[in-house]
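Chemist: 3D model of this:
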Amino acid sequence: MTSIPLIGEAVAVAAEPRLAGAKIGVVTFPGTLDDRDAARAVRLAGATAVPLWHADTELGDVDAVIIPGGFSYGDYLRAGAISRFAPLMTKIIDAANSDAKLPVLGICNGFQILTESHLLPGSMIKNDHLKFICRDQVLRVENANTAWTLDYQSGQEITVPLKNQDGQYIADEKTLDALEAEGRVVFRYVGFNPNGSRRDIAGISNAAGNVVGLMPHPEHAVEVGFGPESLDGIGGSDTDGLGFFTSVLNKIVGGDK
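Modeler: Numbers count the residues shown, from 1 in each chain. Purely as a prediction, here's the structure:
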C-alpha cells in the first residue's frame, strides 16, 4: 500500500540538489487567497519560496515571480485593475520586459492582473453563465516551450482545479489570430469551456515566453493523494500541476529545452 504524506508535510517530491538555490517570489495582495498554496508548490518542486508584499518597492534577488489567485483589493472596479498600480507591480513589469526576461506566472486573479498590466494582451470578464464555477478541468498543453511549460509535451492533456467568476478570456479577432499564429496560446480547455473564453483559451504567454497567465490553478495539483486524478477518463495524475514549478526551475538553472 502506497503511503500518502500528511497535508502538513511539504515533501519536495521532485526536488534535485541543483534546484535548491533557486528563489521564486510569491506575491500577496490584500485579498489574495492562494499565496500559501503557490509557495508550497514552489517548495515541493525543490526551490525556496520568497514572500513578496504588494507594497514592496524591490523584488530582491528572486529568479522568478508567481502572482497567485484570489480577489486582490476585493476585485473592485475590475478584477486586477487596482493591483496593476501596486508598487511591486511596477518592478515586476520592468523585470519581465527587461533583457533578463524575468519569468512571471499569473494564476487566475494573477492572470487578470497580467492583462491589466499589459504584460499579456486581452482582458478577463464575467463568466458567460454569470456564476462562480469550481471544478476539475482538463487542459491541453498547446505550447511546451515557455518558461513555465518546459516539463510538459505539446498536446499533453492535464487535469487541474479551476475556480473563478471572472474567467472569460476575451480579445479582438486580430489579437486572437496573432496569438494563434505566434504559438502564444499555451493552454486550451478540453471537453468543456467553463467560462465562455474565446477559442477555448485557458492560458497565454507573451512573445518571449517568460510571462504566462492561466485561469486554472496548477498549485492545487501538486501532491499525491490531494489533487484531481482524471476527468471523464482523460487527463493525468493528481500532480499534473507540478510541472509548472519544475519547468521554471529547470529554466533558471539552465536545463531548459
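Chemist: doesn't K251 fall inside a helix?
Modeler: Yes: assignment of K251 by DSSP: H, G, I helix; E, B strand; the rest coil places it within a helix.
Chemist: Quick check: closest non-adjacent residue to it.
Modeler: Leaving aside its chain neighbours, K251 sits nearest to A147 (4.6 Å; criterion: Cβ to Cβ, 6 or more residues apart in numbering). (Glycine included, C-beta is placed from N, CA and C.)
Chemist: Does the one you found touch N210 like I think?
Modeler: Yes: if you go by Cβ atoms under 8 Å, A147 and N210 touch, sitting 4.9 Å apart.
Chemist: re earlier: neighbours of the residue nearest to K251, just the number please.
Modeler: A147 has 24 neighbouring residues, counting by other Cβ atoms under 10 Å.
Chemist: For it, give its distance to D75.
Modeler: 27 Å (Cβ to Cβ, to the nearest Å).
Chemist: likewise N210?
Modeler: Taking Cβ to Cβ, one finds N210 at 26 Å from D75.
Chemist: I170 now?
Modeler: 17 Å.
Chemist: More neighbours: those two, which one.
Modeler: Higher neighbour count among I170 and D75: D75, with 18 against 15, using other Cβ under 10 Å.
Chemist: Check the more buried one and give its pLDDT.
Modeler: Looking at D75, its pLDDT is 84.
Chemist: For the remainder of this discussion, apply numbering that starts at 30.
Modeler: Sure, I'll start numbering at 30, so the last one becomes D104.
Chemist: quick one, phi/psi of it?
Modeler: phi 60, psi 30 (degrees, to the nearest 10).
Chemist: Now do the contacts for the nearest residue to it once chain neighbours are set aside.
Modeler: Closest residue to D104 apart from its sequence neighbours, by Cβ to Cβ, 6+ apart: D195 at 6.9 Å. Neighbouring residues of D195 by Cβ atoms under 8 Å, 6 or more residues apart in numbering: D104, R107, A108, Q141, M153, I154, K155, N156.
Chemist: swap the cut-off to 6 Å and go again
Modeler: Counting by Cβ atoms under 6 Å, 6 or more residues apart in numbering, D195 touches A108, M153, K155.
Chemist: Need the three-state assignment for A236.
Modeler: Put simply, A236 is coil when judged by three-state DSSP.
Chemist: Tell me the confidence at it?
Modeler: Looking at A236, the pLDDT reads 97.
Chemist: same check, this time on S259
Modeler: Model confidence at S259, expressed as pLDDT, equals 53.
Chemist: just the strands in the stretch 180-286 of the chain please.
Modeler: Assigned by DSSP state E, counting those that start in this stretch, the strands in the stretch 180-286 of the chain fall at 186-193, 197-199, 214-218, 230-234, 240-243.
Chemist: now those strands as TSV including distance to L134?
Modeler: Compiled in TSV, these are given as follows (distance: least, Cβ to Cβ, whole Å):
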stretch	distance to L134
strand 186-193	13
strand 197-199	16
strand 214-218	11
strand 230-234	10
strand 240-243	5
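Chemist: Which of those sits closest to T77?
Modeler: strand 240-243 (20.7 Å; Cβ to Cβ).
Chemist: Counting neighbours, what do you get for D206?
Modeler: Applying other Cβ under 10 Å, we find 12 residues neighbouring D206.
Chemist: Overlap in contacts, A176 and N239.
Modeler: P132.
Chemist: Am I right that Q166 falls within a strand?
Modeler: Yes: Q166: assigned to a strand according to three-state DSSP.
Chemist: Distance of the residue nearest to it when sequence neighbours are not counted relative to P223?
Modeler: Spatial nearest neighbour of Q166, chain neighbours left out: L191 (4.0 Å); criterion: Cβ to Cβ, 6+ apart. Going from L191 to P223 by Cβ to Cβ gives 6 Å.
Chemist: okay, and the common contacts of the two?
Modeler: Common contacts of L191 and P223 (Cβ under 6 Å, 6+ apart): none found.
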